[in-house]
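>>> Show me how the following folds:
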Amino acid sequence: MKPIRIVANSLPEAWERSIVELWRNGYIIDTEYGEKSRDSPITIYVEKPLSEPRVHLKGIVSGNLRGLFDYVDEVLEGVNDWRIGKDWHYTYHERLFAYSFPGGDPVNQIGVVLDKLRKTPYSRRAQAITWKPWIDPMVDSPPCLQRMWFRVVNGKLVLHVHIRSNDAFKAAFMNMYAFTELQRSIAEKLGLSVGYYLHVADSYHVYEKDWRWVEGFVRQVEKGVSKRYWLSTEQFKKMAFR
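Okay, the predicted model is just below:
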């Protein structure tokens with residue numbers, strides 16, 4: 001299985017090209033959910049992750065358009081942390097900002113990243129993890145995001161994200177948008193601009209039940225009409241909050 005490699009300037013461009021390449025070159029693989037998937041490892045390099053237009057309407061699958069901003073708040077602000085232990089096993093915010101383990105106090109890993117990069121911007125050790133090996137292998141919905149790696153390169157904050165499993169059509173764009181918002185937030189705290197973003201997924205996939213929708217979207221991309229779904233952040237906000 002050869003990984004797909006995407007190099008793009010913006011998030012919308014990167015995401016839709018990743019869907020096209022997955023549809024064309026992905027492998028048909030069984031899943032633990034009783035259906036097949038079209039699947040491939042992938043690396044997605046985005047040169048300018050904050051460049052506008054920054055939003056792809058087709059990548060927002062959340063019930064309503066405001067869901068994109070709700071998801072950002074979930075990752076950065078922890079607005080859904082109260083659900084942990086009730087109907088959710090974890091949130092990314094909890095794992096990144098208050099990582100708990102037996103016999104110790106919770107660790108704010110993002111705080112550690114900030115401290116490390118303030119002292120040593122070129123460090124290779126500024127990372128945050130989510131996986132808890134004493135819990136996660138035994139639960140039905142363990143974290144997909146595994147690791148975030150930050151570094152200052154040429155005066156800009158770059159971010160590498162590693163994901164074990166990524167629903168390409170229904171999650172990946174919102175993931176990338178929220179993770180680059182975290183990249184922006186950390187860069188601002190460091191007084192830096194944002195550099196490139198690298199998204200690495202071991203299993204980048206679309207489920208069989210979504211294949212007809214993906215195929216239709218790929219046709220739109222190939223015809224050159226998909227760019228009508230690219231919106232600037234301000235355009236999208238007006239649409240989402242009208």
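>>> Which residues are in contact with M1?
By C-beta atoms under 8 Å, 6 or more residues apart in numbering, the contact set of M1 is Y27, S40, P41. (Each C-beta comes from the backbone N, C-alpha and C, glycine too.)
>>> out of those, which is most surrounded?
S40 (22 neighbours; other C-beta atoms under 10 Å).
>>> Can you verify my assumption that that one contacts S18?
No: using C-beta atoms under 8 Å, S40 makes no contact with S18, being 9.5 Å away.
>>> Overlap of the contact sets of these two?
The contact lists of S40 and S18 share I4, Y204, where a contact means C-beta under 8 Å, 6+ apart.
>>> Buried residues in the helix ranked longest in the chain, which are they?
Criterion DSSP state H: the longest helix present in the chain is helix 172-190. Buried residues in helix 172-190, counting neighbours by 16 or more other C-beta atoms under 10 Å, are found at 172-184, 186-187, 190.
>>> cool, and stretch 60-67?
I60, L65.
>>> quick one on the thing from earlier: relative to G85, which of the buried residues of helix 172-190 is nearest.
Nearest to G85 among the buried residues of helix 172-190 is A178, at 22.5 Å by C-beta to C-beta.
>>> Kindly provide the distance from the closest one to M138.
Applying C-beta to C-beta, to the nearest Å, the value for A178 to M138 is 27 Å.
>>> tell me the SS of the residue lying farthest from the centre of the chain?
Distance from the centre of the chain peaks at G103, with 30.6 Å (C-alpha atoms, centre = their mean). When classified by DSSP: H, G, I helix; E, B strand; the rest coil, G103 comes out as coil.
>>> hmm, back to that, just want the angle from the next helix or strand after the longest helix of the chain to helix 172-190.
Following helix 172-190 in sequence order, the next helix or strand is strand 193-207 (DSSP states H and E). Interaxial angle, strand 193-207 versus helix 172-190 (axes from the mean of the first three to the mean of the last three C-alpha atoms, to 10 degrees): 160 degrees.
>>> Could you point out the helix or strand that follows strand 193-207?
Counting by DSSP H and E, what follows strand 193-207 is helix 211-223.
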